[in-house]
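> got a structure for you, letters missing:
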């Protein structure tokens, strides 16, 4: 299931975002919760799946592995994909500004 | 040692939600999952507990990394079957779900789906060859009844049923996982409380039938081999349903004409006793004699009559006609026009072929079928008279 530039799942987006700073796998779950201000609480199954998938797609990589703990970091491909997704989401939100205007009119 | 209880799995192995709710319900009854087999699951008897089970589909084998990560968050590895790994957690701990995003979970099933797809394709191709082979054995064989009676083709018939079941379930598994993935991609999470009771009787019936069919495939050949015997023909008359030379030749100078001997058995004067599921009583006897003072009329040497009997008692009298025709097919190669159908009160069907020295009789009566081949000068009708007593 290679990533071909479509919409990302929340898990994928937030893990990539969090990995802009290299992180241990174990810390990722709480890191994601922090970054999303408590909104996104990933299950360990989802985390493991997303890490495996994105590693396979070359969006993240392991930078150190001392046998017990792995440290993940985003790759340049991952940064590119993340930026594109951010732009896409931004476009969605900006285009939806009429929803705000609608409320102001009322 | 705690007591281990085995239970038949009530659903197909790929039904994730149903298995999760089944394991939980068993735990509430004090049966805690230990191991899973193909048809059964092993439970350890203990105190009733409220345990939640989740099944995670993996891409490869068991990963210590994953198991460690999961156990940090309250999910303990229990057992696995194929790519399906079972984790449990006590309900009171209220740990977060293993999978919080259905779409991401759908991606974890991709390797499984690919594997099931290729299995289905390979099995389908293999089945085409298999069915072609079965077809040729049954419909292109010149002696289908004889095949059934001597035992091999019955097993193959059952194998056809078993293999068809394998093919159907392989395809069903593939489509089921495909459907589940689609459903997950649409955002629908797996129903962890899926009703495992719904189709359990159907599944029990299938498991039971498969076990019976497997036994039917294995047992008859074993019994057949166990019961097969080759015994030297005694000089005096026996109770066996075979005709002896002494009865036919009616000559006190008749001696036994021994032939090739092996393991103490004279193969020119012996009988075989066999069993098959369609013909539980079968005898095949050969006897060779010699009357030194007499000669063959063509001057080829001393008179040495011989008789060969094949006798079958069938389980189903309906097969008698077919078997008789097959015996004729197998034993008459040339001069088929000399074979005569004879009306008889003593036999349901009677066919006779005779020339100066060789006399062949094919007959059936009820569920008994026999074939006699005699080399000698005694008249056929005398042999028939003796045959009536079989």
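Arrived safely, thanks for sending. The structure presented is a predicted model; accordingly, all values stated were derived computationally and were not measured.

> Longest helix in chain B, by number of residues?
helix B:152-185 (DSSP state H).

> gap between it and the chain center?
19 Å (Cα atoms, centre = their mean, to the nearest Å).

> Please point out which parts of it sit buried.
B:153-155, B:158, B:160, B:163, B:167, B:169-171, B:173-174, B:176-177, B:180-181, B:184 (16 or more other Cβ atoms under 10 Å in any protein chain shown). Bear in mind the C-beta positions are built from the backbone N, C-alpha and C, glycine included.

> Next: stretch B:13-25.
Buried, per 16+ other Cβ under 10 Å, within stretch B:13-25: B:14-24.

> what number of residues lie near residue B:72?
11 (other Cβ atoms under 10 Å in any protein chain shown).

> the strands in chain A, which residues?
Taking DSSP state E as the test, the strands found in chain A are A:23-24, A:60-65, A:70-74.

> quick one: the shortest one near chain B?
No: using Cβ under 8 Å from any Cβ of the partner chain, strand A:23-24 never reaches chain B; the gap is at least 10.9 Å.

> And that strand, what does it pack against?
For strand A:23-24, the packing partners by 3 or more Cβ pairs under 8 Å, 6 or more residues apart in numbering or on different chains; DSSP states H and E come out as strand A:70-74.

> Mean confidence (pLDDT) on the strand it packs on, please.
Here strand A:70-74 scores 91 as its mean pLDDT.

> So, low pLDDT: which residues of chain A?
A:1-2, A:102-106 (pLDDT under 70).

> Enumerate every residue touching the closest residue to chain A within the stretch 251-390 of chain B.
When scored by Cβ to the nearest Cβ, the stretch 251-390 of chain B has residue B:277 as its residue closest to chain A, at 51.9 Å. Residues in contact with residue B:277, defined by Cβ atoms under 8 Å, 6 or more residues apart in numbering or on different chains, are B:151, B:154, B:220, B:315.

> how near is it to residue B:58?
45 Å (Cβ to Cβ, to the nearest Å).

> Could you list every helix and strand in contact with the longest helix of chain B?
helix B:102-108, helix B:110-139, helix B:144-149, helix B:200-227.

> possible to save those as a markdown table with mean neighbour count and mean pLDDT?
Output for these, formatted as a markdown table (neighbours: other Cβ atoms under 10 Å in any protein chain shown; pLDDT from 0 to 100):
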| stretch | mean neighbour count | mean pLDDT |
| --- | --- | --- |
| helix B:102-108 | 22 | 92 |
| helix B:110-139 | 14 | 89 |
| helix B:144-149 | 21 | 83 |
| helix B:200-227 | 14 | 86 |
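
> can you redo the ones you listed as JSON lines with distance to residue B:46?
Supplementary listing: those in JSON lines, determined by distance: least, Cβ to Cβ, whole Å:
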{"stretch": "helix B:102-108", "distance to residue B:46": "31"}
{"stretch": "helix B:110-139", "distance to residue B:46": "32"}
{"stretch": "helix B:144-149", "distance to residue B:46": "52"}
{"stretch": "helix B:200-227", "distance to residue B:46": "23"}
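
> what sits against residue 15?
No chain in the question, so chain A it is. Per Cβ under 8 Å, 6+ apart, neighbours of residue A:15: A:28, A:32, A:42, A:47, A:50-51, A:54, A:60.

> To clarify, I was referring to chain B.
Neighbours of residue B:15 in contact, by Cβ under 8 Å, 6+ apart: B:176, B:194, B:196.

> Pull the contacting residues for the first one.
By Cβ under 8 Å, 6+ apart, the residues touching residue B:176 are B:12, B:14-15.

> In JSON lines: the residues you listed, plus secondary structure.
JSON lines is the format used below for those (DSSP: H, G, I helix; E, B strand; the rest coil):
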{"residue": "B:12", "secondary structure": "coil"}
{"residue": "B:14", "secondary structure": "coil"}
{"residue": "B:15", "secondary structure": "coil"}
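
> Just give me the closest of those to residue B:213.
Lowest distance from residue B:213 to those (Cβ to Cβ) belongs to residue B:12, with 17.9 Å.

> For that closest one, grab phi and psi.
The phi and psi values for residue B:12, taken as degrees, to the nearest 10, are phi -60, psi 150.

> Check the burial of the closest residue to residue B:258 other than its chain neighbours by counting its neighbours.
Leaving aside its chain neighbours, residue B:258 sits nearest to residue B:266 (5.0 Å; criterion: Cβ to Cβ, 6 or more residues apart in numbering or on different chains). Applying other Cβ under 10 Å, we find 18 other residues in the vicinity of residue B:266.

> next one: residue B:372
Residue B:372 has 25 nearby residues by other Cβ under 10 Å.

> Not counting the strand or helix carrying it itself, show me its contacts.
Using DSSP states H and E, residue B:372 falls within strand B:368-375. The contact list for strand B:368-375 (Cβ under 8 Å, 6+ apart) reads B:241, B:243, B:248, B:304-314, B:320, B:323-324, B:327, B:331, B:357-364, B:383, B:387, B:390.

> what's downstream of it, the next helix or strand?
Next element after strand B:368-375 (DSSP H and E): helix B:380-387.

> that older thread, so what sits opposite the residue nearest to residue B:258 in the bridge?
residue B:261 (DSSP bridges).

> which residues sit in contact with it?
B:232-233, B:258-260.

> Would you report which members of the residues you listed are assigned to helices?
Per DSSP H, the contacts of residue B:266 never map to helices.

> Skip the chain neighbours and tell me the closest residue to the spatially most central residue of chain A.
The centre of chain A sits closest to residue A:13, judged by Cα atoms, centre = their mean, with a distance of 2.2 Å. Leaving out its chain neighbours, the residue that sits closest to residue A:13 by Cβ to Cβ, 6+ apart is residue A:85, at 6.0 Å.

> What about that neighbour, how many residues nearby?
Neighbours of residue A:85 using other Cβ under 10 Å come to 19.

> contacting residues for residue 38?
By default, I'm working from chain A. Residues near residue A:38 by Cβ under 8 Å, 6+ apart: none.

> wait, chain B
B:13, B:81.

> Close to chain B: what parts of chain A are there?
So far as Cβ under 8 Å from any Cβ goes, chain A lies against chain B at A:1, A:9-12, A:25-26, A:29, A:41-50, A:52-53, A:70.

> The residue in the stretch 1-150 of chain B positioned nearest to chain A in helix, strand or coil?
Closest residue of the stretch 1-150 of chain B to chain A, Cβ to the nearest Cβ: residue B:98 (3.5 Å). Following three-state DSSP, residue B:98 is assigned to coil.

> which ones are touching the closest residue to chain B within chain A?
With Cβ to the nearest Cβ as the measure, residue A:45 is the residue of chain A nearest to chain B, at 3.5 Å. Shown in contact with residue A:45 (Cβ under 8 Å, 6+ apart): B:54, B:56, B:70, B:97-100, B:105, B:108.
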